[in-house]
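Asks: Next comes the sequence, and after it the predicted model I'd like to discuss.
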Amino acid sequence: MKELARLPSVFRPLPPPLWYVTNGELTVGPVTTQLLIRGVEHGRVPDECDVTQYEGGWRNVYLVREIAALNSKSGVQPLTEEQLVEWSRPGARIRDEEELSHTVTWLALVTTGAESAMFHYCGRRSRSFFTRSIIGPMSTERMGRALPEWDPLLESARLGQPVVGPPYGPLEDALAMRMATSAGGVGAAAMIPIFSGGMLRGVLELSRPGHSFRRADLQRAERIAQNVVARQSN
């Protein structure tokens, strides 16, 4: 089986998530995702139970992606390595910056379940990052405009530091403001720096009205974008 190139990631490894589970009267935890799955499989975690991660919001157990996929109550399934390879392959034929940017943005949208996505790209003959693609129910006013050199999110991207909110801070607030015209509102937002050949080539920004993005999905989106941009550069 072919695999995507394992390029360096801007995301630092995190320990596996731990969950607290409640039926409204009794709360247990923390438990790993695998133990949570086993509890659902063996009927020890009823349908009406809610779960949360540390300092997160409560949600029904079947809104946990792994549980939803396990129980077939959701059409959302984890992307396979084969899908990642197939979806990033068109990048080998892309030579136009607009097409490349649209491809990266659309794939990131599909991979992460975002409502809206924006991609700022710095081409070979440019020193600035121009907004080349906006997908989703949001304003296209930024299209074709360059990010200011002092833009705080661009500065963070140059340092290889992604922004994932909540929790909210100055960078998270700046990202939420940039995505604020998205129709569903900004319940979750993420900025992913895209490096190729050791240089920052793109800044990918995502938002959706629901709960926070899964780090694994953001890493998949990063890897897809890296591979598309790298193939275009070769």
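Replies: Good, I have the coordinates. Numbering: from 1, shown residues only.
Asks: What are the buried residues along stretch 45-55?
Replies: Of the residues in stretch 45-55, those scored as buried under the neighbour-count criterion (16 or more other C-beta atoms under 10 Å) are 45, 49, 50, 51, 52, 53. In short, each C-beta sits where N, CA and C put it, glycine included.
Asks: contacting residues around residue 218?
Replies: With contact taken as C-beta atoms under 8 Å, 6 or more residues apart in numbering, residue 218 is in contact with 11, 112, 162, 164, 190, 192, 206.
Asks: Buried ones among those?
Replies: With burial judged by 16+ other C-beta under 10 Å, the buried subset of those is 112, 162, 164, 190, 192, 206.
Asks: measure the last one to residue 176 for me?
Replies: Right, the one you point to is residue 206. Plainly put, residue 206 is 12 Å away from residue 176 if you go by C-beta to C-beta, to the nearest Å.
Asks: Common neighbours of the two, please.
Replies: When contacts are counted by C-beta under 8 Å, 6+ apart, residue 206 and residue 176 are jointly contacted by residue 189.
Asks: With distance to residue 223 and secondary structure as added columns, please give the buried ones among the contacts of residue 218 in CSV.
Replies: CSV is the format used below for the buried ones among the contacts of residue 218 (distance: C-beta to C-beta, whole Å; DSSP: H, G, I helix; E, B strand; the rest coil):
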residue, distance to residue 223, secondary structure
112, 12, helix
162, 13, coil
164, 16, strand
190, 14, strand
192, 10, strand
206, 15, strand
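Asks: Just name the shakiest helix or strand of the chain by mean pLDDT.
Replies: Among the secondary structure pieces of the chain, namely its helices and strands, helix 81-88 has the lowest mean (mean pLDDT, DSSP states H and E), a mean of 55.
Asks: related to what we said a few turns ago, quickly check the buried ones among the contacts of residue 218 for the two that are furthest apart.
Replies: Using C-beta to C-beta, those reach their maximum pairwise distance at 112 and 162, which is 12.5 Å.
Asks: list residues touching both of the two?
Replies: Shared contacts of residue 112 and residue 162, defined by C-beta under 8 Å, 6+ apart, comprise 190, 218.
Asks: low-confidence ranges in this structure?
Replies: Along the chain, segments meeting pLDDT under 70 span 1-6, 14, 54-56, 63, 65, 68-95, 167, 232-234.
Asks: hey, which helix is longest across it?
Replies: Selection of the longest helix in the chain by residue count, based on DSSP state H, yields helix 215-233.
Asks: Next, the buried residues of that helix.
Replies: By neighbour count with 16+ other C-beta under 10 Å, helix 215-233 contains the buried residues 215, 217-232.
Asks: Next: stretch 130-143.
Replies: Within stretch 130-143, the residues that qualify as buried are 130, 131, 132, 133, 134, 135, 136, 138, 142, counting by 16+ other C-beta under 10 Å.
Asks: measure that stretch end to end?
Replies: With C-alpha to C-alpha, to the nearest Å as the measure, the first residue of stretch 130-143 is 8 Å from its last.
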